[in-house]
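>>> return a 3D structure for these sequence lines:
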Amino acid sequence: MNTSRRAFLKTSALAATGMALFANEMMAASKPGKALVGIQLYSIRDEMGKDPLGTLKQLAAMGYKHVEHANYRDRKFYGYSATEFKKILDDLGMTMPSGHTVMGRDHWDESKKEFTSLWKYTVEDAATLGQKFVISPWLDESLRKTHDDLLRYMEVFNKSGELCQKSGMKFGYHNHDFEFSQKLDGKILYDLMLQNTDPDLVMQQLDFGNMVNGGARAAEWINKYPGRFQSLHVKDEIASQSEGHGYESTILGQGIVGVKDVLALARKKGGSIHLIIEQEAYQGKAPLDCVKEDLAIMKTWGYK
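Next up, the predicted model:
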């Protein structure tokens, strides 16, 4: 048995304790005024690509305590192993409660009806980092061509939830815009996804900026599916300046989303405990300046 697999078995053996701690965290975070505020590192993707350590130090100096990754390749986070990256975060007084890794066809062996080593290692490394949520931020078009295709893959979602649960974590999905604009057999894709996944195994990370381009608004979905959105991507949107159509993200509170009100509703009815700031367009400002301003605005709204 190799060292990596022994570590995984040790993690699994501690799953019951991990789940208990996770439950306590969720209870604490669900109290009025209590939530984990973090940043999706894709917001500063160029900076993280050039100097991940220096960029994380700048985020810590701004007051960020939690980060969400968007870079996991060859079992490395921004070029570091799970153990190395955890030490970097620990030294900065930061944690990574969630991360984005697309789960696709190369992660599921349909003939064997089990996950490939690629996804097993993804979950293992997430557990090493101390993640609570393992989030897939995309659903390949080939997996949602028909109603039956989608439902089959929602069963894979549920199985991923079972796999994550063994290590005290939860599997999650992060939306874009197609989930709200695409229909299968006359039903909106996102309805089908929520109705065919087990809430105890699969949580939803609602990006209420992305959904605007799909013609949807967050309040409607939070009211429709209370308690399903444990994590949020906190994002505001303005009419796109670069493409001439659609929307792009901007500083919180300056767009059309009504972020402050959506947050209040999500905290009350959505079950939201992880609030992850993300900004992908900057209107001529420096990305690091933008995310600093975003955090300051969240603090004025009472989220720290």
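
>>> burial of Glu124, as a residue count?
Neighbour count for Glu124, taken as other Cβ atoms under 10 Å: 21. No exception for glycine: its C-beta is placed from N, CA and C like everyone else's.

>>> that one falls within a helix, correct?
Yes. Following the definition DSSP: H, G, I helix; E, B strand; the rest coil, Glu124 is counted among the residues of a helix.

>>> isn't it right up against Cys164?
No. With contact defined as Cβ atoms under 8 Å, Glu124 does not reach Cys164; the gap is 10.5 Å.

>>> hey, where'd the helices end up in the chain?
Along the chain, the stretches classed as helices by DSSP state H are 3-13, 15-29, 45-50, 52-62, 82-91, 117-129, 147-165, 178-181, 189-195, 218-224, 259-265, 287-300.

>>> turn those into CSV, including mean pLDDT.
As requested, the helices of the chain are exported to CSV (pLDDT from 0 to 100):
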stretch, mean pLDDT
helix 3-13, 40
helix 15-29, 43
helix 45-50, 98
helix 52-62, 98
helix 82-91, 98
helix 117-129, 98
helix 147-165, 98
helix 178-181, 98
helix 189-195, 98
helix 218-224, 98
helix 259-265, 98
helix 287-300, 98
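
>>> out of the ones you listed, flag the one nearest Ser242.
Judged by Cβ to Cβ, the one of these that comes nearest to Ser242 is helix 287-300, at 15.1 Å.

>>> with only the CA atoms kept, save that closest one in PDB.
Provided in PDB are the C-alpha atoms of helix 287-300 (Å, rounded to 0.1, in the frame of the first residue of the first chain):
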ATOM      1  CA  PRO A 287      -8.200  42.800 -10.000                       C
ATOM      2  CA  LEU A 288      -6.500  42.900  -6.500                       C
ATOM      3  CA  ASP A 289      -8.000  46.400  -5.900                       C
ATOM      4  CA  CYS A 290     -11.400  45.100  -6.900                       C
ATOM      5  CA  VAL A 291     -11.400  42.100  -4.500                       C
ATOM      6  CA  LYS A 292     -10.200  44.400  -1.700                       C
ATOM      7  CA  GLU A 293     -13.100  46.700  -2.300                       C
ATOM      8  CA  ASP A 294     -15.500  43.800  -2.600                       C
ATOM      9  CA  LEU A 295     -14.500  42.500   0.900                       C
ATOM     10  CA  ALA A 296     -14.800  46.000   2.400                       C
ATOM     11  CA  ILE A 297     -18.300  46.200   1.000                       C
ATOM     12  CA  MET A 298     -19.200  42.800   2.500                       C
ATOM     13  CA  LYS A 299     -18.000  44.100   5.900                       C
ATOM     14  CA  THR A 300     -20.200  47.100   5.700                       C
END
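
>>> and Glu179, what does it touch?
Contacts were defined as Cβ atoms under 8 Å, 6 or more residues apart in numbering; by that measure Glu179 touches Leu139, Ile188, Leu189, Tyr190, Met193, Met211, Gly214.

>>> now Ala286: phi and psi?
Backbone geometry at Ala286, expressed as degrees, to the nearest 10, gives phi -70, psi 130.

>>> what about it, how many neighbours?
11.
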